[in-house]
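Chemist: Model the structure of this input:
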Amino acid sequence: MQQIPKAPFLKIVYFLLTTMLFIMVLDGFYVLPEGKQAVVTQLGAPVGRPVTEAGLKIKMPFLQRVQLFEKRILIWDGDPNQIPTNDKTFIYMDNTARWRIKDALRFLQAAGNENRAQTLLDDIINGAVRDMVNQNDLIEIIRSSDWSSKYVVETSSARDMTKPPTKGRDKISEMVLAQASQDALKYGIELIDVMFKRVNYIDSVRAKVYARMISERKRIAAEKRSLGEGRKAEILGKVERELKEIISEAERESTEIRGRADAEASRLYGETYSSQAEFYSFLKSLESYQTILGRNSSLVLSPKADLFRYLESPAQKQQDSPFLKNLN
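Modeler: Below you'll find the predicted structure:
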C-alpha cells in the first residue's frame, strides 16, 4: 500500500503547538527567592494571598504576573527638619527608622512600590515627630528617661536644669513609633522603631548658645582663678608664718646657746683670771702692744703709765711682777 505524505501545514501546526506548550509550561512556574515575598496579579488585579515562602511556585501562564517585594527589614532615613519645641526653642531633628512590608497585598494596593513607600513614610514619621516635639520641652527631647543630675556640671545655668525629665528621649521615641505605626499599617507597612539620630540647634540659636557657653566658662574660669589665688595666699601665709616661727625658734635657741656659751666663757675667764691674774694681765698687755704699737708708731706717755709696766728693766719687772718671778 502506498504511504500518503503529510502536508507541510501539519508540520507547522505541530511546531506551533509544541512551542506554545513549552512556553505555557515555562511561564507557569516562577521561583520566589529567599528574603522576598510575591503578589500574583491577573489582569492587574491581585489573586489570592501574598506568597511568603521561598521556592518554586505555579501560576497561570500569560494571564498572571508576579510582583516581588522585600521581606527583609528596610531603612528609612529622613531629611533634617526645623521644629519648634514646647518651650519655643527651634531645633533640627534628624530621624531614622526601620520598617518592613507586613502585608504585601495591602502594600501593593496602597503604596505600590518601595519608592512610594519611602515618600509616605516621610509624611507619616515627620508628622509624628513634629507633633511630639511641639508638645514637649527641649529637655525632654535631649535627655533619656534614666537621666541623673550627677551628669550635670555645677554651673549657674545648669542649676535650673537639674529637674529630671518626665518622659525622656526614649519615651518620646516610643510615642512617635506608636502614632506613626497606626498610619503606616494602612499601607501594609510595619514600623519596627523610630530613633532620633541627631538633635541640634538652628544656626541662630546655636550662636547664642555658644556665646552663653563661652561666657559661662569664662565665669567659671574666673571663679576658679579667684579660688586659686585665695588658696595661694592662704598657703603662702601659712608658709611665711611657719618660716617666721622656725626662724624665731632658731634665734631663741641660738640666743640661749650664745648666752650659755658667754656665761661659760665668762665663768672660765673669771676662774682663770682669779687664779692667774698676773698672767692674764700680761697677755692683755701683749695684745695691747700688738694693737697699739705699729711698725712706725710713736707714743708719748707718762713714765708711770701702766703700758710701761712690762717694758721696764728686768730687775724692776721681777720685783713688781709675781708672774715673771715664777717664770724665772
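Chemist: and the closest residue to residue 77 other than its chain neighbours, how many residues sit next to it?
Modeler: In this structure, residue 77 finds its nearest non-sequential neighbour in residue 96, 5.0 Å apart by C-beta to C-beta, 6 or more residues apart in numbering. Every C-beta, even on glycine, is put in place using the N, C-alpha and C of the backbone. The number of residues packed near residue 96 is 15, by other C-beta atoms under 10 Å.
Chemist: Please apply the same query to residue 59.
Modeler: 20.
Chemist: In contact with it, which residues?
Modeler: For residue 59, the contact set (C-beta atoms under 8 Å, 6 or more residues apart in numbering) comprises 28-30, 40, 66.
Chemist: Repeat that for residue 114.
Modeler: Going by C-beta under 8 Å, 6+ apart, the list of residues near residue 114 reads 69-70, 74.
Chemist: next one: residue 131
Modeler: residue 179.
Chemist: Any of the contacts of residue 59 buried? List them.
Modeler: With burial judged by 16 or more other C-beta atoms under 10 Å, the buried subset of these is 30, 40.
Chemist: Mind putting the contacts of residue 59 into a markdown table with distance to residue 118?
Modeler: Compiled in a markdown table, the contacts of residue 59 are given as follows (distance: C-beta to C-beta, whole Å):
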| residue | distance to residue 118 |
| --- | --- |
| 28 | 34 |
| 29 | 32 |
| 30 | 27 |
| 40 | 25 |
| 66 | 23 |
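Chemist: Filter the contacts of residue 59 down to just the ones in strands.
Modeler: Judged by DSSP state E, the subset of the contacts of residue 59 located in strands is 29-30, 40, 66.
Chemist: can you redo the residues you listed as a markdown table with pLDDT and distance to residue 184?
Modeler: What follows is the ones in strands among the contacts of residue 59, written out as a markdown table (pLDDT from 0 to 100; distance: C-beta to C-beta, whole Å):
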| residue | pLDDT | distance to residue 184 |
| --- | --- | --- |
| 29 | 79 | 34 |
| 30 | 81 | 29 |
| 40 | 88 | 24 |
| 66 | 86 | 25 |
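Chemist: what's the burial count for residue 276?
Modeler: Neighbourhood size, residue 276 [other C-beta under 10 Å]: 14.
Chemist: typo on my end, it should be residue 222
Modeler: By other C-beta under 10 Å, 10 other residues sit near residue 222.
Chemist: Tell me which other helices or strands the helix or strand encompassing residue 224 touches.
Modeler: Element membership for residue 224 (DSSP states H and E) is helix 203-275. Other elements packing on helix 203-275 under the criterion 3 or more C-beta pairs under 8 Å, 6 or more residues apart in numbering; DSSP states H and E are strand 90-101.
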